[in-house]
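Undergrad: give the three-dimensional model of this entry:
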Amino acid sequence: MSPLLANIALSALDDHFDRQWRAMGSRYQRAKRKAAGHGVCRLIRYADDFVLMVWGERHHAEALREEVSAVLAPLGLRLSPDKTRVVHIDEGFDFLGFTLRRQWNRGTRRYCVYTRPSKKAIQSVKDKVKARTYRSTRYQDLDVVLRSVNRVLVGWASYFRHAVAKVVFSAIDNHAWGRLMRWVRAKYGGQRRMGMVQLRRRFCDRGWRFAHNGVVFTGASSVTVTRYRYRGSTIPTPWTVRPAAAVSG
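TA: Modelled structure (predicted):
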């Protein structure tokens, strides 16, 4: 389902839970509901993927799953059994390529929710690097391969730059460097196996960084990790109503 069709079809789901959220009242009233043992929920949706976050017990979440099914049924839609799960935030879940999980932070001595690239997303970018450094690409020059691998890694890292991903970026770069090292030795080594010292002298410009014909290996670590600052409903959109400018006479 395309994002446009999903937004049209699932607007009824948004309206349903928006009405519930407004009916819960202020933050103080929602806190009273939590203290009384009632569930409080909030819907987060992108196209046809959504997460329903619940503050409460498991039975609250299971009841809301049935409620979602009831809202979707008149639209001719149903939940995917393979993708729909009820999980605790401490177990973690995947959403839009990210893994969200609450863990203990020893520095602050409290629990924090961490957002990291999911295992599936990491394996996906590794597979793309593998495809660009496979034996079938050895007819290309090293600078062409470096440029191709850089595009993949920088594009992938730009998507995940707001996550806790610095260590992940470094690990992916190490994986890509190993693939490039084996590719270079297989292409330029000839019948004699190329030693690491020779490889460094011929194909690295600074330390062990690959470079050829002016193209250097930058990798995912060239993308700066910047933590996302939550702005909630203050993020401007084309539909944001801005107050009219005051005119003084």
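
Undergrad: please enumerate the strands of the chain.
TA: Under the criterion DSSP state E, the chain carries strands at the ranges 40-46, 49-55, 93-95, 98-105, 110-117, 204-206, 209-212, 215-216.

Undergrad: could you check the angle strand 110-117 makes with the single longest helix found in the chain?
TA: Identified as the longest helix of the chain according to DSSP state H is helix 166-188. With axes from the mean of the first three to the mean of the last three CA atoms, to 10 degrees as the basis, helix 166-188 and strand 110-117 are set at 30 degrees to each other.

Undergrad: what helices or strands is helix 166-188 leaning on?
TA: helix 119-132, helix 142-159, helix 196-203, strand 209-212 (3 or more CB pairs under 8 Å, 6 or more residues apart in numbering; DSSP states H and E). Placement of C-beta: from N, CA and C, glycine included.

Undergrad: so what touches the helix or strand of the chain with the lowest mean pLDDT?
TA: The helix or strand of the chain with the poorest confidence is helix 3-9; it has a mean of 72 (mean pLDDT, DSSP states H and E). With contacts defined as CB atoms under 8 Å, 6 or more residues apart in numbering, helix 3-9 is touched by 1, 46-48, 75, 77.

Undergrad: buried stuff in it?
TA: The neighbour-count criterion (16 or more other CB atoms under 10 Å) identifies A6 as the buried residues of helix 3-9.

Undergrad: gap between the longest helix of the chain and the chain center?
TA: Remark: helix 166-188 is offset 22 Å from the chain centroid, using CA atoms, centre = their mean, to the nearest Å.

Undergrad: again with stretch 47-66
TA: Stretch 47-66 sits 21 Å away from the centroid of its parent chain (CA atoms, centre = their mean).

Undergrad: what of stretch 75-90?
TA: Relative to the centre of its chain, stretch 75-90 is centred 19 Å away, using CA atoms, centre = their mean.

Undergrad: measure that stretch end to end?
TA: Terminal residues of stretch 75-90 lie 33 Å apart, using CA to CA, to the nearest Å.

Undergrad: got the angle between the longest helix of the chain and helix 196-203?
TA: Counting by the same axes, to 10 degrees, helix 166-188 lies at 90 degrees to helix 196-203.

Undergrad: helix 142-159 and helix 166-188, what's the angle between them?
TA: 170 degrees.

Undergrad: please renumber the chain so that the first residue is 11 from this point on.
TA: Taking 11 as the first residue, the last one we looked at is helix 176-198.

Undergrad: run through who's touching helix 176-198.
TA: Contact with helix 176-198 is made by 126-127, 132, 135-136, 139-140, 143, 145, 147-148, 152, 155-156, 159, 163, 166-167, 170, 203-204, 209, 212-213, 218, 220, 227, 229-231, 233, 235, as judged by CB under 8 Å, 6+ apart.

Undergrad: change it to 7 Å
TA: Contact partners of helix 176-198, identified using CB atoms under 7 Å, 6 or more residues apart in numbering, comprise 126-127, 132, 135-136, 139-140, 143, 145, 148, 152, 155, 159, 163, 167, 203-204, 209, 213, 220, 227, 229-231, 233, 235.
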